[in-house]
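Engineer: Structure for this input, please:
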Amino acid sequence: MLERDGYAPATVAIHLAALRKLAEEAADEGLLDPQIAAAVCRVRGPRRLGRRLGNWLGLDEAQALISTPGADTLKGVRDQAILCVAIGCGLRRSEIAALTLNHLQLRDGRYWRT
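Structural biologist: Predicted coordinates for the structure are as follows:
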């Protein structure tokens, strides 16, 4: 359905990863038959052609970006938190601007966008 609606292969892959994780957790909790969960996990994602374009941050660059605002003021702490969420969750600027606390969940010690 996502491919038919024109979504990019990377977007489809992200949705499939979420469904796979959901199936695993449901099977672990006894809410889903393990064979069905295994079948869901075997669903192949779309083939990605080409290569990634753009500038990607390395670990050192991400840490430098996060520490740029400085933690000596309340606004600096806020800005660092926003950058951490943006980098950690892979959010776009428009997604960050629309983000509220209700959109975040703590899973396995990390925050995820719902």
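Engineer: Kindly format the C-alpha coordinates of the lowest-mean-pLDDT helix or strand in the chain as PDB.
Structural biologist: Using mean pLDDT, DSSP states H and E, the weakest-scoring helix or strand in the chain turns out to be strand 110-113, at a mean of 72. C-alpha atoms of strand 110-113 as PDB (Å, rounded to 0.1, in the frame of the first residue of the first chain):
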ATOM      1  CA  ARG A 110      15.700   5.600  24.500                       C
ATOM      2  CA  TYR A 111      13.000   8.000  23.400                       C
ATOM      3  CA  TRP A 112      11.100   7.100  20.200                       C
ATOM      4  CA  ARG A 113       8.700   9.200  18.200                       C
END
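Engineer: Can you name every helix or strand that it contacts?
Structural biologist: On a contact count with 3 or more CB pairs under 8 Å, 6 or more residues apart in numbering; DSSP states H and E, strand 110-113 meets helix 74-89, strand 104-107. Where you see a C-beta, it was placed from the backbone N, CA and C, and this is true even at glycine.
Engineer: and of these, who's closest to S67?
Structural biologist: helix 74-89 (7.3 Å; CB to CB).
Engineer: So for the closest one, what gets flagged as buried?
Structural biologist: For helix 74-89, a neighbour-count test (16 or more other CB atoms under 10 Å) marks 79-80, 82-83, 85-86, 89 as buried.
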